[in-house]
Each structure stands twice: as C-alpha cells, then as structure tokens.
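In: Predicted model and sequence below, questions to follow.
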Amino acid sequence: MVIMTMMEVFLIMALGYMIYDIKVRLTKGNPNTSNEAIEAGVHDNRVRLNTDEVRVLRYLLSRSNKPVVQSMIGRDLNIPKSTLFRIVRRLSELGLINVEKRGKYKYIYIQRVQDVVNILKAIDNELTSKDSSP
C-alpha cells in the first residue's frame with residue numbers, strides 16, 4: 001500500500017514537470033510571460049525581447065563589448081542565475097551574443113554589435129513614441 005502511494009506521488013510530480021516543460025517551450029524559454037515584451041527588427045524579422053533581455057544587451061554594450069563573466073552580469077543587474085541562464089541561451093540562439101566557456105567561467109559578449117545597436121535604437125524609438133502618444 002505504501003509503495004502504491006509513493007508511485008502515485010512520483011507520477012503526479014512527473015506530470016507536473018511535463019506541464020511546466022510544455023509551458024516553457026510554448027513561451028520560448030520564458031515561463032515568466034508577465035515581463036513586458038518589446039519587438040524589434042533583426043534583418044526584417046521581428047524579435048520579441050523582454051525587459052531583462054534588453055537590460056543584458058545594454059549592459060554588454062556599456063562594457064565596450066569586452067567579454068564579461070556571466071555571474072558578474074547577474075550580480076550587477078540583480079538577475080537570478082536561472083533567469084540569466086535562460087536569457088543568455090535565448091540571446092545566443094538569436095545570434096546576438098556569443099558564449100565562451102573558459103575553465104569554469106562563461107564569458108559573454110555581443111556577436112553582432114550593429115544589429116544589437118539597431119535593435120536598441122528601435123526599442124528606444126518605440127518607447128518614446130508610446131510615451132508621446134495621447
């Protein structure tokens with residue numbers, strides 16, 4: 001009887017994880033969809049970036065695009081490790097940043113600087129147009 005109960009608990013936990021995994025995949029790696037999403041164009045494709053992703057890109061640009069240790073980004077921007085991991089993975093998949101593992105550290109830098117600059121300019125223009133509209 002106890003074995004059956006433990007098996008039921010395991011099955012419920014596995015089902016819960018599968019539901020969570022599906023939600024993460026549907027939201028493209030961002031389970032926290034309440035974060036404001038911002039659209040910007042990259043070579044005629046529309047990319048939706050949340051505010052933390054934009055903060056990371058701005059941070060990397062402010063460092064003169066020198067490689068920055070991933071944990072330092074999280075500390076300076078006050079972003080949890082798990083959230084930063086998802087952000088870095090997504091920006092890397094979009095081809096905007098590069099991740100180099102050197103020893104036990106991951107170094108992050110912008111791969112396509114001009115594209116990132118254009119994205120951030122488009123975001124600034126979009127935000128100023130929203131602020132000026134009645």
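Out: Looks like it arrived, so ask away. All of these numbers come straight from a predicted model, not from anything done at the bench.
In: tell me the strands in this structure, going along the chain?
Out: In order along the chain, the chain carries the following strands (DSSP state E): 37-42, 45-50, 68-69, 97-102, 105-110.
In: residues touching Arg55, list them.
Out: When contacts are counted by Cβ atoms under 8 Å, 6 or more residues apart in numbering, Arg55 touches Leu77, Ile79. Where you see a C-beta, it was placed from the backbone N, CA and C, and this is true even at glycine.
In: and the gap between it and Leu11?
Out: When distance is defined by Cβ to Cβ, to the nearest Å, Arg55 is 40 Å away from Leu11.
In: what pLDDT does the residue most central in space within the chain get?
Out: Ranked by distance to the mean C-alpha position of the chain (Cα atoms, centre = their mean), the top residue is Ile87 at 2.0 Å. On the pLDDT scale, Ile87 is placed at 93.
In: pretty sure it contacts Glu53?
Out: Yes: between Ile87 and Glu53 a contact is recorded at 5.3 Å, counting by Cβ atoms under 8 Å.
In: Pull the residues that contact stretch 74-84.
Out: The contact list for stretch 74-84 (Cβ under 8 Å, 6+ apart) reads Asn32, Asp52, Arg55, Val56, Tyr59, Gln70, Ser71, Ile73, Ile87.
In: Next one: the fifth one from Met13, what distance?
Out: Pointing back at Tyr59 there. Tyr59 sits 37 Å away from Met13, taking Cβ to Cβ as the criterion.
In: Which one's more surrounded, those two?
Out: Set Tyr59 next to Met13 and count neighbours by other Cβ atoms under 10 Å: Tyr59 wins out with 16 against 10.
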